[in-house]
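Asker: turn this into a model:
(one chain, ligands or ions: 1)
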Amino acid sequence: MAETEALLKLQEEFRMQNKSVFILGASGETNRVLLKEILEQGLFSKVTLIGRRKLTLDEEAYKNVNQEVVDFEKLDDYASAFQGHDVGFCCLGTARKKAGAEGFVRVDCDYVLKSAELAKSGGCKHFNLFSSKGADKSSNFLYLQVKGEVEARVEELKFDRYSIFRPGFFSSLPESWTSGHSVPVITVVRAMLNNAVRPSDAKKELLDNKAIHDLRRADDPLKP
Ligand SMILES: NC(=O)c1ccc[n+]([C@@H]2O[C@H](COP(=O)([O-])OP(=O)(O)OC[C@H]3O[C@@H](n4cnc5c(N)ncnc54)[C@H](OP(=O)(O)O)[C@@H]3O)[C@@H](O)[C@H]2O)c1
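Answerer: Residues are numbered from 1 along each chain as shown. Sure thing, here's the model as predicted:
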């Protein structure tokens, strides 16, 4: 339980810093859960969603959420959307079967990298990237190769802090049913936030399934 208390203290200290955050691709499955958690935990003083379309967020809880709609093909024209955020979460992505090989590379590499560049120029200190288990720029599989490539290229931007999350296949099954190969969305999201509130000297953090489960357990040590 000492772990839970320590986390609550970290969260409180973090809130007092009045940081701002942006979420890239907030309409996605993961980011919708991330947004909800961010608002419930009240960790940031300003929350901005950056995406290609405006989301309908009618509930009272979302009333202070800012939305920036951008054209990812002309991101330089939208540099102002990326300015002034302390922390960024990137969960933008598509699938080859949806967008074709070229479209997949365009979104998962080009859009992500350009967004990261603009965020860095805009003052972002801590960039969080959703990657994937097995990401490897020398992989023969396009998906893993592109994920590995974008991880490496974002690293070159030298954020003060860069956290890469490499979950396995996200599962909507209850946490107790999942194995080391699979991580439910809520587990990844809680892990990302539990990590973000912890001060770190490491410039780069690589968080695999086990690290994600361990981080998530910090808010409930009784979780398996
Ligand atoms: N789901 C998994 O099992 C899993 C596992 C490991 C890693 N990942 C990775 O984690 C990331 C997010 O996963 P997710 O399941 O949350 O994805 P998702 O639900 O498909 O959401 C993807 C986000 O990217 C945006 N996007 C897609 N194509 C776009 C385009 N051409 N232009 C602009 N925006 C575009 C979507 O916007 P719209 O809503 O407008 O389409 C949405 O906001 C992906 O990179 C994925 O590869 C996923």
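Asker: if I look at Ser163, how far off is the ligand?
Answerer: In this structure, Ser163 and the ligand are 14 Å apart, going by CB to the nearest ligand atom, to the nearest Å. C-betas here are computed from N, CA, C, even on glycine.
Asker: change the start of the numbering to 12 and stick with it
Answerer: Yes, from this point I'll number from 12; that puts the last item at Ser174.
Asker: show me what contacts that residue?
Answerer: 137-140, 203, 206-207, 215-216, 218 (CB atoms under 8 Å, 6 or more residues apart in numbering).
Asker: the strand or helix carrying Ala130 close to the ligand?
Answerer: Taking DSSP states H and E as the criterion, Ala130 maps to helix 123-132. No. Among the residues of helix 123-132, none lie within reach of the ligand under CB under 6 Å from any ligand atom; the closest is 7.9 Å away.
Asker: how is the residue nearest the centre of the chain assigned, secondary-structure-wise?
Answerer: For the chain, Phe100 is the residue whose C-alpha lies nearest the centre (CA atoms, centre = their mean; 3.3 Å). With DSSP: H, G, I helix; E, B strand; the rest coil as the basis, Phe100 sits in strand.
Asker: isn't it right up against Ile34?
Answerer: Yes. The criterion here is CB atoms under 8 Å, and Phe100 meets it with Ile34 at 4.9 Å.
Asker: pull up the overlap in contacts between the two.
Answerer: 42, 45.
Asker: is it fair to say Ala90 lies in a helix?
Answerer: Yes. Assigned with three-state DSSP, Ala90 falls within a helix.
Asker: the closest residue to it other than its chain neighbours and Ala17, how far apart?
Answerer: Spatially, and ignoring its direct neighbours in sequence, Ala90 is nearest to Leu129 (5.3 Å; CB to CB, 6 or more residues apart in numbering). Note on Leu129: its distance to Ala17, by CB to CB, to the nearest Å, is 35 Å.
Asker: can you tell me if stretch 60-73 touches the ligand.
Answerer: Yes. For stretch 60-73, a contact with the ligand is found by CB under 6 Å from any ligand atom, at 62-64.
Asker: find me the pLDDT at Leu233, would you?
Answerer: Among the per-residue scores, Leu233 shows a pLDDT of 57.
Asker: for the residue nearest to the centre of the chain, name its beta-bridge partners.
Answerer: Listed by DSSP bridges, the beta-bridge partners for Phe100 are Ile34, Asn139.
Asker: and it, what does it touch?
Answerer: Shown in contact with Phe100 (CB under 8 Å, 6+ apart): 32-35, 42, 45, 139, 141, 203.
Asker: return only those of those residues found close to the ligand.
Answerer: Residues of these in contact with the ligand (CB under 6 Å from any ligand atom): 42, 141.
Asker: among the contacts of Phe100, which one has the most neighbours?
Answerer: Tallying neighbours with other CB atoms under 10 Å puts Leu35 at the head of the contacts of Phe100, with 30 neighbours.
Asker: just to revisit the earlier point, highest neighbour count among the residues of stretch 60-73 next to the ligand?
Answerer: Neighbour max across the residues of stretch 60-73 next to the ligand (other CB under 10 Å) = Gly62, 20 neighbours.
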